[in-house]
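Peer 1: here are the coordinates; sequence isn't available:
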Ligand code: NI
Ligand code: MN
């Protein structure tokens, strides 16, 4: 076994493969230190820009707090966590206008395809991924429900987004659940976008405990104060997280862009 191993290394050097591999590693390391731009459009909608631009849960039109216009969005990939209108939002419009694929959960993918058969829609399910160019999107569980246009839309998801060597977790709408710990151990997201609005999802207290399980370097609260039932003070979330873990919280304002 040992001899075979050395032979293949020798082979690799002789064939120049070793060099290629070493170069690739350097290249990947460079990518890892690259910053991504993260823009919050309010509610659960983020635009994540690196080598590509991804928009998640583009609820713009009809969101009383959003100022971002769907016409102004430039995106390469549209990600939708589940079928509720405050998440699908303008996904069909943005996908069509930008000639961008949609990535979403299986049954919702079918329902969106019924609406517009011309779109490229990728249907994934828990632990499943799709790679589009250098972007990899993996669906993870969310404890919630999902329907679209009055029809059952399968299971809701959270999404792990990997781009340029970075890993982000958009939790979608969810209550707290123990398997968030597994999400942390499995994918090691550096940034976690978590709902804190209560009523339909976690409130600041549950979301702070979720941070303890996921262990991201940075947690960003979302899905709060868009409508009266989900009015919350994100400072409560920040205080609770920073008192109980090494994780940091960034409370974004709507339309703010940060580097992560
Ligand atoms: Ni929902
Ligand atoms: Mn929602």
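Peer 2: Sure, I can see it. The structure displayed is predicted, hence computed values, not measured ones. Ligands and ions are numbered 1, 2, ... in the order given.
Peer 1: which bits of this protein sit near ligand 2?
Peer 2: 84, 86, 173 (CB under 5 Å from the ion). Every residue, glycine included, has its C-beta placed from N, CA and C.
Peer 1: and the strands in the stretch 51-200 of the chain, which stretches?
Peer 2: 53-56, 77-79, 102-105, 121-124, 129-132, 135-141, 147-148, 151-152, 157-163, 166-170, 191-195 (DSSP state E, counting those that start in this stretch).
Peer 1: same list, the ones you listed, but as CSV with mean pLDDT please.
Peer 2: Formatted as CSV, the strands of the stretch 51-200 of the chain follow (pLDDT from 0 to 100):
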stretch, mean pLDDT
strand 53-56, 98
strand 77-79, 99
strand 102-105, 99
strand 121-124, 98
strand 129-132, 98
strand 135-141, 98
strand 147-148, 98
strand 151-152, 98
strand 157-163, 98
strand 166-170, 98
strand 191-195, 99
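Peer 1: dump these to TSV, plus mean neighbour count.
Peer 2: Shown next, in TSV, are those (neighbours: other CB atoms under 10 Å):
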stretch	mean neighbour count
strand 53-56	26
strand 77-79	27
strand 102-105	28
strand 121-124	19
strand 129-132	14
strand 135-141	22
strand 147-148	20
strand 151-152	13
strand 157-163	25
strand 166-170	23
strand 191-195	27
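Peer 1: between the residues of the chain next to ligand 2, which has the most around it?
Peer 2: When neighbours are taken as other CB atoms under 10 Å, the top entry among the residues of the chain next to ligand 2 is residue 173 (26 neighbours).
Peer 1: that one against residue 157, yeah?
Peer 2: No - using CB atoms under 8 Å, residue 173 makes no contact with residue 157, being 9.8 Å away.
Peer 1: shared neighbours, the two?
Peer 2: Taking CB atoms under 8 Å, 6 or more residues apart in numbering as the criterion, residue 173 and residue 157 both touch 81-82, 142.
Peer 1: can you show me the helices along the stretch 101-250 of the chain?
Peer 2: Secondary structure of the stretch 101-250 of the chain (DSSP state H, counting those that start in this stretch): helices at 106-115, 180-187, 204-214, 234-244.
Peer 1: near ligand 1, which residues of the protein show up?
Peer 2: With the criterion set to CB under 5 Å from the ion, the chain comes near ligand 1 through 84, 173.
Peer 1: so which residue is dead centre in the chain?
Peer 2: Centrality entry for the chain: nearest residue to the mean C-alpha point is residue 170, 3.4 Å, by CA atoms, centre = their mean.
Peer 1: run through the bridge partners of it.
Peer 2: Beta bridges link residue 170 to residue 159, residue 193, judged by DSSP bridges.
Peer 1: what separation is there between it and ligand 2?
Peer 2: Residue 170 sits 12 Å away from ligand 2, going by CB to the ion, to the nearest Å.
Peer 1: so where's this protein uncertain?
Peer 2: 1-33 (pLDDT under 70).
Peer 1: got a list of what residue 189 touches?
Peer 2: Residue 189 neighbours (CB under 8 Å, 6+ apart): 160, 167-169, 183, 214, 216.
Peer 1: in the stretch 1-150 of the chain, what residue comes closest to ligand 2?
Peer 2: For the stretch 1-150 of the chain, the residue closest to ligand 2 is residue 86, as judged by CB to the ion, at 4.4 Å.
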